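Asks: Please work out how this folds:
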Amino acid sequence: MNTAIISKEELLSHWQGHRTLTRKTIEKFPEQELFSFSIGGMRTFAELVKELLSIAGPGLEGIVNNSTDHYNHNLPLNTKDELLAKWDLETPRINELYRQIPEERFHENFNLFGEYEFPIIQNIQYFIDNEIHHRAQGYVYLRALNIEPPFFWDR
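Replies: Presented below is the predicted three-dimensional model:
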């Protein structure tokens, strides 16, 4: 008998915990620095957040609909309020789309965005890992701006 270490719902809860923490990170940024501050040629945190928004929900939508449409990071979000509003719209959308993927499909290969051929579970793990990676860049930016980031465990 196979016993799962983590259930499908627990994985979603884990992911949404990270999304909550990333939202708190966005909130910590002053408006101007959110769109202008970078270190060492890295993208601004606003650009990183736009990437996250252009991958997670659209990626899940592609998986649900068996579509390999390409992503677009150039989202017309030009203020902190617009970023946060879009983040908040994506949260229930992610829940809804995620729950439409049967567990049996999680080990099925899927060509995400027509570029990344991996099992669906690995694509979902990528969404989470990519968010953690970019949030860590945001933490470095906040520290460089002398702003205390949210506690990493406060999810």
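Asks: Only C-alpha atoms from now on, for both contacts and neighbour counts.
Replies: Fine.
Asks: Excluding residues flanking it in the chain, which one is nearest Lys80?
Replies: Closest residue to Lys80 apart from its sequence neighbours, by Cα to Cα, 6 or more residues apart in numbering: Glu31 at 5.9 Å.
Asks: which residues of the protein fall in strands?
Replies: 109-112, 116-119 (DSSP state E).
Asks: Let me know which of the ones you listed is tucked in deepest.
Replies: The highest average neighbour count among the strands of the chain, using mean count of other Cα atoms under 10 Å, belongs to strand 109-112 at a mean of 20.
Asks: elements contacting that one?
Replies: For strand 109-112, the packing partners by 3 or more Cα pairs under 8 Å, 6 or more residues apart in numbering; DSSP states H and E come out as helix 45-65, strand 116-119, helix 120-144.
Asks: quick one, which of these is nearest to Thr25?
Replies: Closest to Thr25 of the helices and strands packed on strand 109-112 is helix 120-144 (Cα to Cα; 7.1 Å).
Asks: quick one: that closest one to helix 45-65, angle?
Replies: Relative orientation of helix 120-144 versus helix 45-65 (axes from the mean of the first three to the mean of the last three Cα atoms, to 10 degrees): 170 degrees.
Asks: quick one: contacts for Ile132?
Replies: Listed by Cα atoms under 8 Å, 6 or more residues apart in numbering, the contact partners of Ile132 are His18.
Asks: how close does it get to Leu21?
Replies: Counting by Cα to Cα, to the nearest Å, the gap from Ile132 to Leu21 is 9 Å.
Asks: same thing with Tyr116?
Replies: Distance of Tyr116 to Leu21, computed by Cα to Cα: 27 Å.
Asks: Distance from the chain centre to stretch 25-39, please.
Replies: 17 Å (Cα atoms, centre = their mean, to the nearest Å).
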